[in-house]
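K.L.:
sequence first, predicted coordinates after that:
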Amino acid sequence: MPNTVRRIAINTGGGDAPGLNAVIRAVTIAALRQGWEVFGIPKGYTGLLGEPNLIPLTRDAVRGITHVGGTILGTVNKNSPFEYPVKQSDGSTIAVDRSDEIMANFRKLGIDALVAIGGDGSLRMAQRFVEKGLKVVGVPKTIDNDLSSTIITFGFDTAVGVATEALDRLNSTAEAHERVMVVEVMGRYAGWIALNSGVASGADVILLPEIPYDINKVCEKVLDRERSGRHFSIVVVAEGAAPVGGGLSTRGEKEIGREVRLGGVGERVAQQIQELTGKESRAVVLGHLQRGGRPSTFDRLIALRFGAAAVRMLAEGKSNIMVALDPPTVRCVPLTEAISRTKTVPLDCDTILTARDLGICFGD
């Protein structure tokens, strides 16, 4: 069957991640070399709500952006077009499905396919547009590294590097003041950032969503170090970590069209350690520092490879797929398979085993 793609769109959705601009550049240049027209959709799908507002992507538009953080298209992690919040006259808010409006604009503009760059939430949304008849190629983006079917997602390497550098810096100030430093890192329901940065920086305790923690076990580790003459400790906490029998720490109420916001577990753990051990404890939340700034060399390269592969797949007549790293190559997997489960840290993985061999406590 001859390839009918002539005009494509690109969007970036969900939280930003280092490497987004590299993907945009690779998709644009590779598509232009195919003779296609390329357009960017501002802020997820927002540019297709109401009167369409797309950004023509030319060589000039994407020149010199590979190393730049953020995304030239903008992004949102709320106001899903399938649950778009609309205020009522009485002040209440209801969710309205505006996806048909977006599909109508895709058809009106003659867009043949969408390259959707996003994490699990954004790619689940893209799959719903597939079910409405849109051709989609997904590109796996998330600092959380929690998308299945790919060895790694772009953005993860940079986020781990930022967290590791922060932990290295906090180590010296913790030792100087003989404090316990509790560092909360991102990752949502997967502990990849906490595990990798914690082991790399020599943390004493790592608390993961995959291992419910007993705060008493954490305090035992802190006191063992105290008795051995090590009067400080570094505790890394993933934002999705929870105590045995307890729930997640969240901030605010869940909003329409937006995932629940995790956060606060670091402060809770620091307070409990101080109360139970008498050791002065401080909480540090790295937050969006992990998302910002220039992508690492690895993230730039894999982002460029993913972007070029997305166009290659479309040129071969493939769609409704996600590109994925399967070393040493980039291959494609069905989009439904890619979003079928969250990739969490296996409890028997080598990095967990290494951490245990090094005496790192997981609170279990």
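P.N.:
Sure thing, it's come through.

K.L.:
tell me the mean pLDDT over stretch 106-118?
P.N.:
What stretch 106-118 shows for mean pLDDT is 96.

K.L.:
just give me the neighbour total for V269.
P.N.:
Neighbour count of V269, defined by other Cβ atoms under 10 Å: 26. (C-beta placed from N, C-alpha, C; glycine too.)

K.L.:
which of the helices or strands spans it?
P.N.:
helix 265-277 (DSSP states H and E).

K.L.:
quick one, helices of this protein?
P.N.:
Ranges of helices within the chain are 20-33, 99-109, 120-130, 156-177, 192-201, 215-227, 265-277, 297-315, 335-338, 350-357, based on DSSP state H.

K.L.:
give me the below-cutoff pLDDT ranges for this structure.
P.N.:
By pLDDT under 70, the low-scoring segments of the chain are 1-2, 253-258.

K.L.:
and the helix holding V269, what's buried?
P.N.:
265-270, 272-274, 276-277 (16 or more other Cβ atoms under 10 Å).

K.L.:
got it, and stretch 329-347?
P.N.:
330, 332-333, 335, 338-339, 343-345.

K.L.:
hmm, who's touching it?
P.N.:
120, 123-124, 126-127, 130, 136-138, 140, 145-150, 189-192, 195, 208-211, 305-306, 309, 313, 318, 320-324, 351-352 (Cβ atoms under 8 Å, 6 or more residues apart in numbering).

K.L.:
one more time with 7 Å, if that's ok
P.N.:
120, 123-124, 126-127, 130, 136, 138, 146-149, 189-192, 195, 208-211, 305-306, 309, 313, 318, 320-324, 352 (Cβ atoms under 7 Å, 6 or more residues apart in numbering).

K.L.:
just checking, P85 touches N79?
P.N.:
Yes: P85 lies in contact with N79 (Cβ atoms under 7 Å); the separation is 6.3 Å.

K.L.:
who has more neighbours out of these two?
P.N.:
N79 (18 against 15).

K.L.:
isn't the more buried one up against T93?
P.N.:
No: using Cβ under 7 Å, N79 is not in contact with T93, being 11.1 Å away.

K.L.:
between the two, what contacts are shared?
P.N.:
Joint contacts of N79 and T93 (Cβ under 7 Å, 6+ apart) are P85.

K.L.:
distance check, the closest residue to Q271 other than its chain neighbours against I143.
P.N.:
Setting aside the residues directly before and after it, Q271 is nearest to S281 in space (Cβ to Cβ, 6 or more residues apart in numbering), at 7.3 Å. In this view, S281 and I143 are 26 Å apart by Cβ to Cβ, to the nearest Å.

K.L.:
what's the answer for G264, then?
P.N.:
19 Å.

K.L.:
higher neighbour count, these two?
P.N.:
With neighbours defined as other Cβ under 10 Å, G264 and I143 compare such that I143 has more, 30 against 16.

K.L.:
many thanks, have a good one.
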